[in-house]
Every structure is written in structure tokens, then in C-alpha cells.
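1. My questions are about this predicted structure, shown below with the sequence.
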Amino acid sequence: MDSLSQAALGAAIGVSVVGWRRARKDAATGAAWLWKAAAWGALAGTLPDLDVFIDHGNPVLNMVLHRAETHALFWLTLFSLPFAVIAAGLSGSIAAWRRWWLAMWLALITHPLLDAMTVYGTQLALPFSDHPYAVGSIFIIDPLYTLPLLIGVAIALARRHPRASTLGLVLSTAYLAWSALAQGLVRNIADDAIAVQRINAERVLVTPSPFNTVAWRIVVMEPDHYLEGYYSLLDAQRTIRFDRFERGRVLEPELRGIDAYERLSRFSRGFYALRQDGARVLISDLRMGQEPTYTFTFAIAERASAARALDLPQQVGSRPDIERVLPWLWRRIGGDTAPPPR
């Protein structure tokens, strides 16, 4: 998720676990304790994403090694103890370090757990497994998730009412549960549409369109093609119109053994496409973006008679044109079945 959501989540946990008890014990200094709890919680909720400043040597490695050790539950649990002691000591409450530890541990581990609800992939189980867990039921930025947290923390700090932050946590968690339920509903509809249209599906991805959990994007991988379709929970009919595109499988034999290809094909869980652009071979992670623009598109080889790995892969992807996409997305949420802008 975005940094604001993670900071808000950490702050809400800090206020709910540390600030609430301390504010009840000492009303005179309750406001100061709430602010300290919120600040340390927000810091803990932000820390795992500092790995974005690590340069692993090329854009492909930077992508697949993001959300790795700094997002692993094992390493964050180990880190939480000294971090909590520091937080308690600097806040003048070393005697209550156990409660600070609980707050900081929760703020740290909920960061990768929330990230795992997005489609990117989070390596929660390191060092025991590098599998990138990804539920994909919520977009990386969703105001309906973040606002309850921000409002709850704001009320808690302004009115010295810590339970407001707890209520924000309950509402935001309920929204996550709703996103998973909605994803399951749309997956059932997508499976029915695939069966009716006799699509030879190898794998299916159902993930929300930007900023909401009403309109959903469906990607279906066939042996030689991939399909993209959209469904809104407000659609009048349970039908999905798919557009079909080439996967570029003819290029795969030449790319096997190239590190960037092997890493991206695995990290994307098979949701990738290849194409040739001049002499360059490009690979796109189909999970993030929409046809024809994908954020994570990389030039990984150059092709004359056969593909040759580039010395350094190059990120050449772009984000969808928001000015064109947002008006269509708003109409699509409302049930307008017009195809997306290409």
C-alpha cells in the first residue's frame, strides 16, 4: 500500500495499544502520550518501505527484491524488540516497554500483511521461503481504506479519545474483508464467463481497478494469448467482454536462462507478456497497469538472429494516462460497459 496508508495504520495501532492505556492512567499528560504513540506507530509503519532506497544494481532486481527482508515477518519480529525499547526509552516510559513492544511489533508486521493484500507480491516468509504472497483484493491506493484510519487518529489526538483510532482500525479492517469478499464474487462471475465463452484459461487474475473495489479487472492467460476484461458490481448483467492480445510466447525459447526473464516470469506468477520493439525484447508484468500501458515493463534482451541479454535491463514501462483513464473508470464503476481507452 501507499506510504500514507501504512503510516496511518501504524499510528492507529500505536494510539490504540499504547496511548489508550496511558491516557486513562494520566489524563493530565494524556494528549502528549497520544501524540508520542501516534508518531512512533507511524514511524514503525513506514520503516519497512525504506528498502526502496536500496539499489540492487538494475531495475529488475530493484522490483523483485522490493518487499523482501524488510517485509519478512521473522526479521521484523526480531527487530521489534530493540526498536520498542528505544521507543519506550525516548518516550520516557521504559517501565512500560512490554506494551510498547506489542504496539511496535503490530505496527511493523501489519505493514507487510497489508502489502500482501495488494497484487504486487510480498515475501512474508523469508528467510524460509521467497514466495511472493499476493491476495490482490485491494489497489495500492484506496481512499476508503485510508480515510477511516486518518479520521480515527485525528479525532483521537484532537479530543483525547483513543477509541476513535480503534474504531478506525475496525472499519479499515472490515473494508479489507469486504475487498476479499468482492474479489471472490467477481472471480465466480469471471469463471462462469470463461466457461460460457470456452476460453482455454491457464490462470486467472481478478484485481480491483484503481482507487475502488467496485470495478474489477480480469486477466486470463491462454497458451498463446492473454485476455483483459472488466466487471463492475453495478453492471446490469453478469457478463464480461474480453479483449485478446498476443503473449509473445515465440520469444520464450531464446530468453530461457536470461536472469531478468527468469526472475520476472516467476515473480509475476506467470502473468507476463513478451514483445519485440525494434531490436529490443520487452517483458511486461500484466498485473499492474492496463492494456497497453504497464508500469513494470523492462527491456531485457536485444535480438538480431537470436536474443542476447542486455548488460543491464532497462525499465521502459509507464503508468496509464490518468486524464484518459479516470473518466472512463468513473463511468465503468457505474455500470457503463464501454471498453477502456487504448
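-> Noted; the coordinates are in hand. From a predicted model like this one, the values you see are computed outputs, not experimental measurements. Numbers count the residues shown, from 1 in each chain.

2. And the strands in the stretch 1-150 of the chain?
-> Assigned by DSSP state E, counting those that start in this stretch, the strands in the stretch 1-150 of the chain number zero.

3. cool, and the stretch 151-300 of the chain?
-> Going by DSSP E, counting those that start in this stretch, the stretch 151-300 of the chain shows strands at 203-208, 215-221, 225-232, 242-246, 272-277, 280-285, 289-290, 293-294, 297-303.

4. can I get the ones you listed in CSV with mean pLDDT?
-> Formatted as CSV, the strands of the stretch 151-300 of the chain follow (pLDDT from 0 to 100):
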stretch, mean pLDDT
strand 203-208, 97
strand 215-221, 97
strand 225-232, 96
strand 242-246, 96
strand 272-277, 94
strand 280-285, 94
strand 289-290, 92
strand 293-294, 92
strand 297-303, 90
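
5. Kindly reformat those as CSV containing distance to Thr166.
-> To be clear about C-beta, it is placed using only N, CA and C from the backbone, and glycine gets the same treatment. Shown next, in CSV, are the strands of the stretch 151-300 of the chain (distance: least, C-beta to C-beta, whole Å):
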stretch, distance to Thr166
strand 203-208, 26
strand 215-221, 31
strand 225-232, 33
strand 242-246, 44
strand 272-277, 42
strand 280-285, 37
strand 289-290, 36
strand 293-294, 39
strand 297-303, 42
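
6. so which of the ones you listed gets nearest Asp49?
-> Closest of these to Asp49 is strand 280-285, at 19.3 Å (criterion: C-beta to C-beta).

7. burial measure for the closest residue in space to Leu114 that isn't next to it in sequence, as a count.
-> Nearest residue to Leu114, sequence neighbours excluded (C-beta to C-beta, 6 or more residues apart in numbering): Met1, at 5.2 Å. Per other C-beta atoms under 10 Å, the neighbour tally for Met1 reads 23.

8. Also the one 10 residues further on?
-> Close neighbours of Ala11, defined as other C-beta under 10 Å, add up to 33.

9. Quick one: residues contacting it.
-> Shown in contact with Ala11 (C-beta atoms under 8 Å, 6 or more residues apart in numbering): Ala37, Ala38, Ala39, Gly41, Ala42, Gly45, Leu149, Val153, Ser165.
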